[in-house]
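Enquirer: quick one, what's the 3D model for this:
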Amino acid sequence: MTDATLRAEARTVALRWDDGTSTEFPFIWLRDNCPSGFHPDTGERAFDLLSVPEDASPAAVRLGEGVLEIDWAGEAHTSRFDTGWLRANRPGRPADDPADTPYLPWRADMGAAGIPRVAADAVLRSDAALADWLRQTRRTGLSIVEGLADSPEAGQEVARRIGFLRETNFGRTFQVKSKPNPNNLAYTADALPLHTDLPNQELPPGFQFLHCLANEAAGGGSVFADGVAIAEDLRAADPDAFALLSTVSIPFRFHDDDCDIRRRQTVIRLDETGAVSEVCYNAHIAGIFDMAPEVLGPYYRAYRRFMAATRDPRYPVELKLSAGEMVVFDNRRVLHGRAAFDPSTGYRHLLGCYVDRGEFESRMRILARAGHGG
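Expert: Take a look at the predicted model:
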């Protein structure tokens, strides 16, 4: 740090750093972020922004060794900022986030052998192993936990190392097996095309955990595809189709005797930078398309193109889970499905649960705080 300059005409304080760069800090931003305005125990913001005028201005600015002091005009108040904190939180630069692991798009050529794997015992016993597994799983959106105990609770124990389980209308856990009078295609022996779960929910579940307890039937292979790779390839090949799928929402609906849950979603969701952040695609519970007639034709063309991509052999990876394995995947990114199976040839039973993205990312940050960062 070399100097601090009060720029009244620009309503900023400029700090020039040792590397020759500088940052402009608006007066109102500095007043709003005075360290004294945060609760000393909870860290929550306690300062009332409306208690000062919008044109709050410094009466004096002083730069000491690692500290910027500001006396505020019209107030008997001095703010003291650590310059390291100011540099780390300077406007125009989002704060570092240990959970912000960039996506690594993948396609069929990754193969089942390329799916990250981890031993259940390591995840349960070691925070370092847990942190490494979470980073890999977020990066690819898909991983496999091996060596789970032969117990229905074993998969849930791993999931709870991350956070609490997300409850839906199917319960806190759900049994994926063929059964009479099913209310979902997952509870049949039929093939399941690639899809994401529960886009009819206000917030579709984040990470899904499917613990294989038995998989002895002929058929029943699990299929996965990276929705980010499909969407980005569509953007490159057909920008108009991509634009429709990322801006025009469609209705999704699940209903049975006990519930009728509906929500509109775009098939492709973008983050603030324009990158693909989520995919919501489930042709079986898509509602009746209700957009204007002049939009229906172009939208169906775009939707069919995305649907065709989910069946394109360039994208899916297939494997057959064994008892004691659990596949974990980002349900708002990775599409999943399965091949048909013959229940007369053996028993197939998977036990599922969800942990939301927020819980997953929170655990990554807590582990990084403890020294298990990337």
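
Enquirer: just give the closest residue to residue 60, not the sequence neighbours.
Expert: Nearest residue to residue 60, sequence neighbours excluded (C-beta to C-beta, 6 or more residues apart in numbering): residue 71, at 4.3 Å. Quick note: C-beta positions are derived from backbone N, CA and C, even for glycine.

Enquirer: separation between the one you found and residue 331?
Expert: Residue 71 sits 52 Å away from residue 331, going by C-beta to C-beta, to the nearest Å.

Enquirer: what's the answer for residue 225, then?
Expert: 13 Å.

Enquirer: same check on residue 318?
Expert: Residue 318 is 18 Å from residue 331, by C-beta to C-beta.

Enquirer: what about those two, which has more around it?
Expert: residue 331 (26 against 15; other C-beta atoms under 10 Å).

Enquirer: could you find the closest non-adjacent residue to the more buried one?
Expert: residue 208 (4.6 Å).

Enquirer: quick check, the one you found in contact with residue 352.
Expert: Yes: the pair residue 208 and residue 352 qualifies as a contact (C-beta atoms under 8 Å) at a distance of 6.4 Å.

Enquirer: tell me the secondary structure at the residue nearest to residue 331.
Expert: Under DSSP: H, G, I helix; E, B strand; the rest coil, residue 208 falls in the strand class.

Enquirer: so what sits opposite it in the bridge?
Expert: residue 329, residue 354 (DSSP bridges).

Enquirer: what about stretch 107-121, distance to the chain center?
Expert: Distance, stretch centre to chain centre, for stretch 107-121: 20 Å (C-alpha atoms, centre = their mean, to the nearest Å).

Enquirer: same check on stretch 256-269?
Expert: The answer for stretch 256-269 is 19 Å, by C-alpha atoms, centre = their mean.

Enquirer: how about the helices of this protein, start to end?
Expert: In the chain, the helices defined using DSSP state H lie at 27-32, 83-88, 120-125, 127-140, 154-160, 227-237, 239-247, 293-310, 357-369.

Enquirer: as a markdown table, those with mean neighbour count, mean pLDDT and distance to residue 325 would be great.
Expert: Output for the helices of the chain, formatted as a markdown table (neighbours: other C-beta atoms under 10 Å; pLDDT from 0 to 100; distance: least, C-beta to C-beta, whole Å):
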| stretch | mean neighbour count | mean pLDDT | distance to residue 325 |
| --- | --- | --- | --- |
| helix 27-32 | 19 | 97 | 50 |
| helix 83-88 | 14 | 94 | 41 |
| helix 120-125 | 17 | 98 | 9 |
| helix 127-140 | 20 | 98 | 14 |
| helix 154-160 | 21 | 98 | 10 |
| helix 227-237 | 20 | 98 | 23 |
| helix 239-247 | 17 | 98 | 33 |
| helix 293-310 | 15 | 98 | 24 |
| helix 357-369 | 18 | 97 | 20 |
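
Enquirer: dump these to a markdown table, plus distance to residue 257.
Expert: Output for the helices of the chain, formatted as a markdown table (distance: least, C-beta to C-beta, whole Å):
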| stretch | distance to residue 257 |
| --- | --- |
| helix 27-32 | 52 |
| helix 83-88 | 54 |
| helix 120-125 | 37 |
| helix 127-140 | 36 |
| helix 154-160 | 27 |
| helix 227-237 | 31 |
| helix 239-247 | 33 |
| helix 293-310 | 30 |
| helix 357-369 | 30 |
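
Enquirer: got any ranges where this protein has weak pLDDT?
Expert: 1, 178-189, 374 (pLDDT under 70).

Enquirer: how is it partitioned into domains?
Expert: 3-88, 108-369 (automatic domain parsing).

Enquirer: ranking the ones you listed by burial, who's on top?
Expert: domain 108-369 (a mean of 18; mean count of other C-beta atoms under 10 Å).

Enquirer: compute the first-to-last residue distance for that domain.
Expert: 36 Å (C-alpha to C-alpha, to the nearest Å).

Enquirer: can you check stretch 217-231 too?
Expert: Termini of stretch 217-231 sit 34 Å apart (C-alpha to C-alpha).

Enquirer: do stretch 156-176 as well
Expert: 15 Å.

Enquirer: make 31 the first number, not 1, from now on.
Expert: Yep, numbering from 31; the last one is stretch 186-206 now.

Enquirer: what sits up against that stretch?
Expert: Defining contact as C-beta atoms under 8 Å, 6 or more residues apart in numbering, one finds that stretch 186-206 is touched by 150, 153-154, 160, 164, 175, 178, 182, 214, 216-217, 228, 231, 235-237, 239-241, 284, 288-289, 291, 356, 379-386, 389-390, 392-393.

Enquirer: chain center to that stretch: distance?
Expert: Centre-to-centre, stretch 186-206 and its host chain are 17 Å apart (C-alpha atoms, centre = their mean).
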